[in-house]
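Enquirer: Pasting the sequence and the predicted model now:
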Amino acid sequence: TAKPFTRRDTADCGHSSAVPPRDRKSGGGVLKRLKSRKSQVDSRPVTEEELRRKSEPISPEDVMGLQAATRGYLCKLEDNIYNIDFVRFKIRELETNTVLFEISKPPHSDEDEEHRERDVSAGRFVRYQFTPAFLRLRNVGATVEFTVGNRPLNNFRMIERHYFHDHLLKSFDFDFGFCIPNSCNTCEHIYEFPQLSEMCQMVDRPYETRSDSFYFVDNRLVMHNKADYAYNGGH
């Protein structure tokens, strides 16, 4: 399975590593902190197969009806016509400001491009391993840095749905807003986790906790990333 990011545990340090400079405009110089929408629309339950048969573009309301993690991807790599590229991702515990880990995209190479063309998952799947203590955290900040191509992003939005054994644990809905062309942008998503009754099962069944992250521009699906999670680190 493709692993587009390299992972570096940083539980003992509170600083982020430097990212190689890129020929991009700053997205404003201020770190945006985004909270998930509180009022999320209850959508009609829908299956992955039904969405694949749609003739119209997949919308935010469509994916909010999914009752299980997807098996495949609901859009193609070529649908990312805005050249959105996620280059760094960091998770920290908000109360203590402890950096739990940080991942960054390795430098681009021709070999990577060849691999990307062969592998439909390239750049779209990542596997995480946490300790059981992660499940007891209530508030987590996820800082993401991403670059944008030569088109502006209007109403850039992410819907992220987390499942365990095809049971929905939590759905998050974040608005990035507008991003200028050829920019490098940084924002922090604030995750408020619910109390989970399935914690012991999630520890005992690594990588059966999964998520789908859907990215929309003007309510049209342009990117779909997937992840799975283990909570047995240190065992």
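Expert: Received, thanks.

Enquirer: OK, contacts around the closest residue to residue 199 other than its chain neighbours?
Expert: The spatially closest residue to residue 199, leaving aside those adjacent along the chain, is residue 135, at 4.7 Å (C-beta to C-beta, 6 or more residues apart in numbering). Any C-beta I mention is one placed from the backbone N, CA and C, and that applies to glycine too. Each residue near residue 135 by C-beta atoms under 8 Å, 6 or more residues apart in numbering is listed here: 196, 199, 202, 203, 231.

Enquirer: and the third one, how many residues sit next to it?
Expert: I take that to be residue 202. 22 (other C-beta atoms under 10 Å).

Enquirer: Phi, psi for it please.
Expert: The phi and psi values for residue 202, taken as degrees, to the nearest 10, are phi -70, psi -30.

Enquirer: Wait, it touches residue 167, no?
Expert: No - with contact defined as C-beta atoms under 8 Å, residue 202 does not count as touching residue 167 (10.8 Å).

Enquirer: picking up where we left off before, please pick the buried ones from the contacts of residue 135.
Expert: In terms of neighbour count (16 or more other C-beta atoms under 10 Å), the buried residues within the contacts of residue 135 are 202, 203, 231.

Enquirer: ok, the second one to residue 133 distance?
Expert: The reference is to residue 203. With the distance defined as C-beta to C-beta, to the nearest Å, residue 203 ends up 10 Å from residue 133.

Enquirer: Kindly reformat the buried ones among the contacts of residue 135 as TSV containing pLDDT and distance to residue 181.
Expert: Putting the buried ones among the contacts of residue 135 into TSV (pLDDT from 0 to 100; distance: C-beta to C-beta, whole Å) gives the following:
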residue	pLDDT	distance to residue 181
202	97	41
203	97	44
231	97	40
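
Enquirer: need those residues in TSV with distance to residue 175, can you?
Expert: Written out in TSV, the entries for the buried ones among the contacts of residue 135 read as follows (distance: C-beta to C-beta, whole Å):
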residue	distance to residue 175
202	29
203	33
231	29
